[in-house]
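S.K.: A structural model of the following input is requested.
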Amino acid sequence: MTAAGPLAGLGVVLTRPRAQCEEIASALETRSARVLVFPALDIVPVTLSSESRAALATLPSARLAIFVSANAAEHGVAAARAAGPWPESVAVAGVGEATAARLRSAGFAHVIAPDSGFDSESLLATPALGDVAGHRVLIFRGVGGRERLRTELERRGATVEYVESYRRERPPSDPSALLAALAEGEIDAVHAMSAETVDNFLALAGPGASWSGVALVVPHPAIARHGASSAFGRAVVSGPGIAGLVETLHELRKAT
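M.R.: Numbers count the residues shown, from 1 in each chain. Sure thing, here's the model as predicted:
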């Protein structure tokens with residue numbers, strides 16, 4: 001008989017787009033967790049707006065290109081390369097290790113990324129972003145989003161523009177299997193990567209579902225403080241990447 005893994009008996013809902021759940025689900029299932037994939041966010045490529053096309057046209061004159069997520073790296077690099085070769089003089093930065101890894105796999109040998117932390121604040125603390133006065137910076141992101149990077153870089157004297165190459169949507173996920181698992185007491189934790197995902201998840205699940213006995217696991221304290229996160233019994237901030245998620249879930253498992 002195969003020994004049970006460290007997450008045996010723990011029911012975990014993954015809410016990222018389905019294709020992005022595969023690696024995480026495999027890591028959790030290898031450790032004997034029960035995994036339910038319930039996408040609460042879709043990433044949809046978009047045709048660049050006139051503003052984004054104009055910004056992208058200035059890439060050769062930029063000092064730095066920042067990619068805010070792995071999705072931004074995937075869709076933003078594709079958009080940039082469709083317009084022409086990447087200018088060798090433009091440095092590349094990623095918010096978080098997952099983004100940096102995606103950029104490396106796309107062929108960028110040197111990627112600016114924080115040694116610790118995985119958010120905008122951590123990237124802003126790196127020496128490379130401290131000397132941007134008088135330089136152009138392009139931020140590759142989805143449509144909309146936080147303004148923290150732009151606001152701070154402009155305060156430091158940079159000219160900042162956005163290239164928006166995808167949008168986030170609420171998918172038409174069927175909640176029947178999710179609600180059945182909840183009713184059977186088979187869900188211990190829900191993993192969500194953004195406040196928008198939390199909002200979508202609760203809307204898709206419907207107002208009749210009670211999540212007071214379920215932990216919400218998120219990668220950043222700001223998501224834990226998000227108003228809708230209070231619908232869960234508690235919000236727990238995990239460390240970065242799959243390893244951080246596994247460690248957090250292991251602690252939850254020991255507490256159950």
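
S.K.: Point out where this protein drops to low pLDDT.
M.R.: Along the chain, the parts satisfying pLDDT under 70 run over 1-3.

S.K.: care to break it down by domain?
M.R.: 11-41+170-255, 44-168 (automatic domain parsing).

S.K.: Now do the helices in the stretch 51-200 of the chain.
M.R.: Ranges of helices in the stretch 51-200 of the chain, per DSSP state H, counting those that start in this stretch, are 70-83, 97-105, 120-124, 148-155, 176-183, 195-205.

S.K.: what comes into contact with the longest one?
M.R.: Counting by C-beta atoms under 8 Å, 6 or more residues apart in numbering, helix 70-83 makes contact with 43, 45, 48, 52, 56-57, 59, 65, 67, 86, 94, 96, 98-99, 101-103, 106, 140-142, 163, 165-166, all of which sit outside it. Glycine gets a C-beta too; all of them are placed from N, C-alpha and C.

S.K.: Same question for it: list its buried residues.
M.R.: For helix 70-83, the neighbour count (16 or more other C-beta atoms under 10 Å) marks 70-77, 79-80 as buried.

S.K.: now residue 219: how far from residue 37?
M.R.: 18 Å (C-beta to C-beta, to the nearest Å).

S.K.: Repeat that for residue 50.
M.R.: Applying C-beta to C-beta to residue 50 and residue 37 gives a distance of 37 Å.

S.K.: These two - which one has more neighbours?
M.R.: residue 37 (19 against 7; other C-beta atoms under 10 Å).

S.K.: Let me have the domains of the chain in TSV, extended by distance to residue 4.
M.R.: Output for the domains of the chain, formatted as TSV (distance: least, C-beta to C-beta, whole Å):
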stretch	distance to residue 4
domain 11-41+170-255	5
domain 44-168	29
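
S.K.: Indicate which one of those is closest to residue 5.
M.R.: Evaluated with C-beta to C-beta, the domains of the chain place domain 11-41+170-255 nearest to residue 5, the distance being 3.3 Å.

S.K.: How are the strands of the chain distributed by residue range?
M.R.: Using DSSP state E, the strands of the chain run over 11-14, 34-37, 42-45, 64-67, 91-94, 136-141, 159-164, 166-169, 189-191, 211-218, 232-237.

S.K.: Tabulate the ones you listed in a markdown table, adding columns for distance to residue 111.
M.R.: Formatted as a markdown table, those follow (distance: least, C-beta to C-beta, whole Å):
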| stretch | distance to residue 111 |
| --- | --- |
| strand 11-14 | 26 |
| strand 34-37 | 29 |
| strand 42-45 | 21 |
| strand 64-67 | 9 |
| strand 91-94 | 5 |
| strand 136-141 | 13 |
| strand 159-164 | 17 |
| strand 166-169 | 20 |
| strand 189-191 | 26 |
| strand 211-218 | 25 |
| strand 232-237 | 25 |
